[in-house]
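Student: sequence unknown, structure follows:
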C-alpha cells in the first residue's frame, strides 16, 4: 500500500482515532504497512494519545503476575482484568535463568531486577507489550555486605510534571542509622545521589511503599506507623502523619493507590479504608468482606476491587476479588504460591526511545 493511497482513504485525525483504540501488539505490526504509518505510530504524540486513552477508559488493563515454575525460571504473565485468564506469558527480556521481581509498574513499563537485590544486580525498565527494554547503568550506592542489617529497596514511578520515569534506590543500614538514596532518570539515563534529611536516618522497619504522581511513599514502623515521602521532581523528603486508630494490634497495614491518591488499608474481615485528602488521612468507609473467612488482605485492584488471599493449611493460597460496589466475592482461579501482583496498562512507551 502506498502512502498516497492511505492518505486518500483516511485523513490523519480519523486514522489516529482508529489506531489509538488498538492493542500495542497490533500497532507495532501496522508500522510495517507504510512509512507514514510507521512515523505516526512511532511519534511521541501518538504514543501519548494511545496511553491517555487506555488510562481514561481502562482499556487494555491487566494484572501483571510474576511467578516461578519448578524448573526455577521466572515468568511474567499478563492476566485479563475481567476474567483473570492468562493473555500473555514472557520471560525476562535478557532471558536470564535467575529469579527476578517486578519492583513497579507505570504507564506500560515495569521495573525489574533480581529477586534478592544486591550491588551487582542489573536493573531493567521493560515494556512487555512491545518487547522493548532498557538496562540501567550501575549505581554508585553499594551495600555494605559486612553489615547484616543492610537492606535496599527499589521504587519506580512516572513524574507527570517532568514527563520522566524515575527509579529510586534506597539503601538502609538501620543499625548504623544511615541512609543512602539515588534516583535514576530515564530522560538523562543517569543516577543522582540525593542528600538525606537527618530525621530520615533512624532504626525504622520498612513495611511497604506506593507511588503517586512522581512521589514515592514509604510506610515504615518505629514504635508506631509513619509515612515518609520523596518527590522525585523536587527531590525533597516529607513526612505524613498516620491516624492514631491505625496500630499494630489491629492487624497488618497496607499502603495502596486509590482514585489517584494514597490510601491505607487495615483489617481482615472488616477493612478500614483511609484516604489521603489535602495532606491528612480520612476514613470514608469500612469494607465489610461478606462471606470471606480466613482471608488475608492483598490490596486494591482498580478503584472498585479488593484483592484478598484465601489461606488454607492443605492447599496453596487462592486469590479472590471482592467487588466494592456489589459486595460480591469472586474467585480468580489464581494460586498465590510465590507470586507477586501489579496492575499493568498496555502502552507504546519506549517505542520512540
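Tutor: Ah, there it is. Keep in mind that what you see is a predicted model, and the values were worked out from it rather than measured.
Student: Let me see the confidence value for residue 7.
Tutor: The predicted local confidence for residue 7 comes out at a pLDDT of 51.
Student: for residue 73, same thing?
Tutor: Among the per-residue scores, residue 73 holds a pLDDT of 62.
Student: Mind listing what's buried along the longest helix belonging to the chain?
Tutor: Looking only at the chain and at elements set by DSSP state H, the helix with the highest residue count is helix 44-57. Using 16 or more other CB atoms under 10 Å as the burial criterion, the residues of helix 44-57 that qualify are 46-47, 49-51, 54. Just so you know, the C-beta spots here come from the backbone N, C-alpha and C atoms, and that holds for glycine as well.
Student: Tell me, how many residues neighbour residue 324?
Tutor: Neighbour count of residue 324, defined by other CB atoms under 10 Å: 16.
Student: which residues are contacting stretch 254-269?
Tutor: Residues from elsewhere that reach stretch 254-269, judged by CB atoms under 8 Å, 6 or more residues apart in numbering: 207-213, 217, 219, 227, 242, 246, 250-253, 271-277, 281, 286-289, 292-293, 295-300, 303, 306.
Student: which of those residues count as buried?
Tutor: Those of those that meet the buried threshold are 207, 209-213, 217, 219, 227, 242, 246, 251, 253, 271-276, 281, 287, 289, 292, 295, 297-300, 306, by 16+ other CB under 10 Å.
Student: got any ranges where the stretch 101-250 of the chain has weak pLDDT?
Tutor: Applying pLDDT under 70 to the stretch 101-250 of the chain flags the ranges 118-120, 140-150, 174-177, 197-203, 249-250.
Student: how about the strands in it?
Tutor: For the stretch 101-250 of the chain, the strands defined by DSSP state E, counting those that start in this stretch cover 109-114, 123-127, 132-135, 150-159, 164-173, 178-185, 190-194, 205-212, 215-221, 225-231, 236-240.
Student: Distance to residue 11 for these - can I get that in JSON lines?
Tutor: Supplementary listing: these in JSON lines, determined by distance: least, CB to CB, whole Å:
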{"stretch": "strand 109-114", "distance to residue 11": "32"}
{"stretch": "strand 123-127", "distance to residue 11": "29"}
{"stretch": "strand 132-135", "distance to residue 11": "30"}
{"stretch": "strand 150-159", "distance to residue 11": "32"}
{"stretch": "strand 164-173", "distance to residue 11": "33"}
{"stretch": "strand 178-185", "distance to residue 11": "38"}
{"stretch": "strand 190-194", "distance to residue 11": "42"}
{"stretch": "strand 205-212", "distance to residue 11": "38"}
{"stretch": "strand 215-221", "distance to residue 11": "41"}
{"stretch": "strand 225-231", "distance to residue 11": "42"}
{"stretch": "strand 236-240", "distance to residue 11": "47"}
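Student: Which among these is found nearest to residue 16?
Tutor: Nearest to residue 16 among the strands of the stretch 101-250 of the chain is strand 123-127 (20.6 Å), distances taken as CB to CB.
Student: picking that back up, any idea how far the longest helix of the chain is from the middle of the chain?
Tutor: Its chain's C-alpha centre and that of helix 44-57 lie 18 Å apart, by CA atoms, centre = their mean, to the nearest Å.
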